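Engineer: here is my input; please provide its structure:
(chains A and B)
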Amino acid sequence: MPRRAWGLPVYYFGLLALLYLPLVVLLVFAFNDGTILAFPMRGFTLRWFQQLFATEALMRALRNSVTVALGAATVAVTLGACAAIAVVRFRFRGKGAFMTVALLPLYVPFVVVGVALLLLFSVIGLPRSLLTIAAAHTVVSFPYALLIITARLVGFDPHLEEAAMSLGANYWQTLRQVILPLIAPALLAAWLTAFTVSFDEFAIANLLAGAEPTLPVYLYSQLRMSARLPLVIAMAGLVIVLTLSIFFTLVWLRRFVFRLPAAATAVRVR
Amino acid sequence: MSGSATGTGTAAAPAVELAAVSKQFGDHVAVDRVALEIRNGEFFSLLGPSGCGKTTTLRMIAGFETPNEGRIRLGGEDVTDRPAHLRRVGMVFQNYALFPHLSVADNVAFALRLQRVDTPAIARRVAAALDMVRLPGLDARSPSQLSGGQQQRVALARALVFRPTVVLLDEPLGALDQKLRKAMQLELKALQQQVGLTFVYVTHDQEEALTMSDRIAVMDGGRVLQVADPQTLYERPASRFVADFIGVSNFLAGSVRERTGGLVTIALRLERERLVRATWRDGLATGQAVTTAVRPERMRLVPLGAPAPQVGSDNAVEGTVRDIVYTGSDTQYFVDLGASTTVMVRVPNDHAPGGRVLAARGDPVCVCWDAGSTAVLVA
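Structural biologist: The predicted model follows:
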């Protein structure tokens, strides 16, 4: 007789609770009519969201974050696409070393990257601003873009490019008419990933922010005032919804555009 | 497609010419001083086992690889340093390499769009090309909706539609199943004759090469061993490798005894020395060690002790039947000639079953064949 396996469900639901209970609590308290974060809750309200949109500084921080993430993601994906094409399609000396160096930001703690860049920027006399944050975020989101685009390029047949060339397409025509359309889903996935990395990032932004904070930096600064806490919670709730929608877009891309199983989230590199 | 599209060079110049072309990858010599002249309108095959350099040779003609030495000419023009997209060479790949993001019609129209052919002409020529490969009405489909055979037809239409100077095919039928492959071989040959373009075809399948080609270059170890039409390759292989690779051969070692007119007598190294005759070929010297090659279907089996109808057989050697293999269309007799030499005799089953049993296992028999069916190999 097979024994009923009860351990696995317990483990599974325990893990789920550990992962998602805090998020649920956060979303619930975003609608709590009171400033004290404790049960019993006071009642349902939308006023924190109203205040949220009325708070000028918070909206500025949000706009800053979006601007930085837009810029960082776009530059990271452009550089990542160039590097991926070079790595996958061309033979050159020091390819392994290049890949290692390019992926290094994945392993170096963000605080270390932040301090290092802070040092660099002050040495070369570049004042701290949104630009310095965007530059730093480009560095840390570049490896993600590189890996995602590389995986797509490795997955498609190099004979496609040769076929295009035999049909009279020069390199740029091949790039525009064959390579780019085929890696478009990967470019989008890479861009969304890079955007999320930048949008969520706190340690580097906190070190490199000048007068203009990004959203995570602003939220952190507001935590000190308990009256502002519900606002921070409501904002965090919004960010979660935004992040989750990006995540589900990525899943959708993988399943229906990449035609990969949803579980294939791991990036394959040859 | 009109028949006038036979390239740009002078009529006398070969469609493809390789002059002492070599290609190395690191220390490995993939192609070793290959010289070939492929005529206009010819169906030419590069045949050899995997790793023999045939695909690298084809890729150099296409412009995907640059030779380390030698020159490549297309229609008399030196294209050695010309990039692939300026060579006007149609290419068909084993895995089809259709653009997955384009429809069938857009795949076929790809080259014409790049040449800025006007839209009505593109539509007309794409339709004609799809008609030619017998795929009309599939224009709007995506390549992934087609079967392997259909995809290969689209790839063919795409490579032919822009009237290339030469069409290169890299094992294009390799991914298809046996039955479909046989049908496609004949169709491909008919298509090539219809369009009158030069086809250079890479394959490791000797039967496929024999079926389709006007001429075949047999390659091994980066070198071209023999270039000839299918019949010459089969009947007069220049080396043991060719005799072994094209079809099946029985090899018998011996040495040259004497020349008598157009024939040569060879002493076979069996337990007892046996003299056989073969057609003379230049360069043989008395006493020289040679190998004779005889095709299994050219040998006859005569039971010993039976009234000997040996009329017309130049050569006869006795042996013992070791094994009998029935393959449907024929029966293979493996006959031990002694001195650890076994030959295979293929007897067609052209009589009703049970109508003609030549020999049983263990029977002493005589194996007979003609001098004209005996190839003398030096290498």
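Engineer: and the host helix or strand of residue A:197, what does it pack onto?
Structural biologist: Using DSSP states H and E, residue A:197 falls within helix A:180-200. Helices and strands touching helix A:180-200, by 3 or more C-beta pairs under 8 Å, 6 or more residues apart in numbering or on different chains; DSSP states H and E, are helix A:56-89, helix A:130-155, helix A:229-252. Any C-beta I mention is one placed from the backbone N, CA and C, and that applies to glycine too.
Engineer: for chain A, what are the nearby residues on the stretch 51-200 of chain B?
Structural biologist: Proximity of the stretch 51-200 of chain B to chain A (C-beta under 8 Å from any C-beta of the partner chain) is limited to residues B:62-64, B:83-91, B:93, B:95, B:97-101, B:110-111, B:114-115, B:158-159, B:162, B:168.
Engineer: contacts for the helix or strand just after the helix holding residue A:197, please.
Structural biologist: Sequence-wise, the next helix or strand downstream of helix A:180-200 (DSSP H and E) is helix A:203-208. Helix A:203-208 is contacted from outside by A:68, A:109-111, A:113-115, A:117-118, A:121, A:128, A:132-133, A:136-137, A:140, A:213-214, A:216-217, A:220, using C-beta atoms under 8 Å, 6 or more residues apart in numbering or on different chains.
Engineer: quick check: mean pLDDT of helix A:203-208?
Structural biologist: The average of the pLDDT scores along helix A:203-208 is 88.
Engineer: could I have the CA atoms of it written out in PDB?
Structural biologist: Coordinates of each C-alpha in helix A:203-208 appear next as PDB, following Å, rounded to 0.1, in the frame of the first residue of the first chain:
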ATOM      1  CA  ALA A 203      21.100  50.100  -2.100                       C
ATOM      2  CA  ILE A 204      22.800  51.700  -5.000                       C
ATOM      3  CA  ALA A 205      20.100  54.300  -5.500                       C
ATOM      4  CA  ASN A 206      20.400  55.300  -1.800                       C
ATOM      5  CA  LEU A 207      24.100  55.800  -2.100                       C
ATOM      6  CA  LEU A 208      24.000  57.600  -5.500                       C
END
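Engineer: the inter-axis angle of the helix or strand that that helix is followed by versus helix A:229-252?
Structural biologist: Later in the chain than helix A:203-208, the nearest helix or strand by DSSP H and E is helix A:215-222. Relative orientation of helix A:215-222 and helix A:229-252, computed by axes from the mean of the first three to the mean of the last three C-alpha atoms, to 10 degrees: 160 degrees.
Engineer: pull out the buried residues from helix A:215-222.
Structural biologist: Residues A:215-219, A:221-222 are the ones in helix A:215-222 that count as buried (16 or more other C-beta atoms under 10 Å in any protein chain shown).
Engineer: coming back round to it: PyMOL command to pick out the buried ones of the residues of the stretch 51-200 of chain B next to chain A?
Structural biologist: In PyMOL, a selection of the buried entries from those looks like this (16+ other C-beta under 10 Å):
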select buried, chain B and resi 62+63+64+84+85+87+88+89+90+91+93+95+97+98+99+101+110+111+114+158+159+162+168
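Engineer: list the ones among the residues of the stretch 51-200 of chain B next to chain A that fall in helices.
Structural biologist: B:62, B:110-111, B:114, B:158-159 (DSSP state H).
Engineer: ok, so of those residues, who is nearest residue B:377?
Structural biologist: Minimum distance to residue B:377 across these is 34.2 Å, recorded for residue B:62 (C-beta to C-beta).
Engineer: quick one on the thing from earlier: out of the helices and strands packed on helix A:180-200, deepest packed?
Structural biologist: helix A:130-155 (a mean of 23; mean count of other C-beta atoms under 10 Å in any protein chain shown).
Engineer: show me where the stretch 201-350 of chain B has its helices.
Structural biologist: B:206-212, B:230-235, B:240-245 (DSSP state H, counting those that start in this stretch).
Engineer: in JSON lines: those, plus distance to residue B:199 and mean pLDDT.
Structural biologist: Output for the helices of the stretch 201-350 of chain B, formatted as JSON lines (distance: least, C-beta to C-beta, whole Å; pLDDT from 0 to 100):
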{"stretch": "helix B:206-212", "distance to residue B:199": "8", "mean pLDDT": "92"}
{"stretch": "helix B:230-235", "distance to residue B:199": "15", "mean pLDDT": "91"}
{"stretch": "helix B:240-245", "distance to residue B:199": "21", "mean pLDDT": "92"}
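Engineer: and residue B:338, which of the ones you listed is closest to it?
Structural biologist: helix B:240-245 (21.5 Å).
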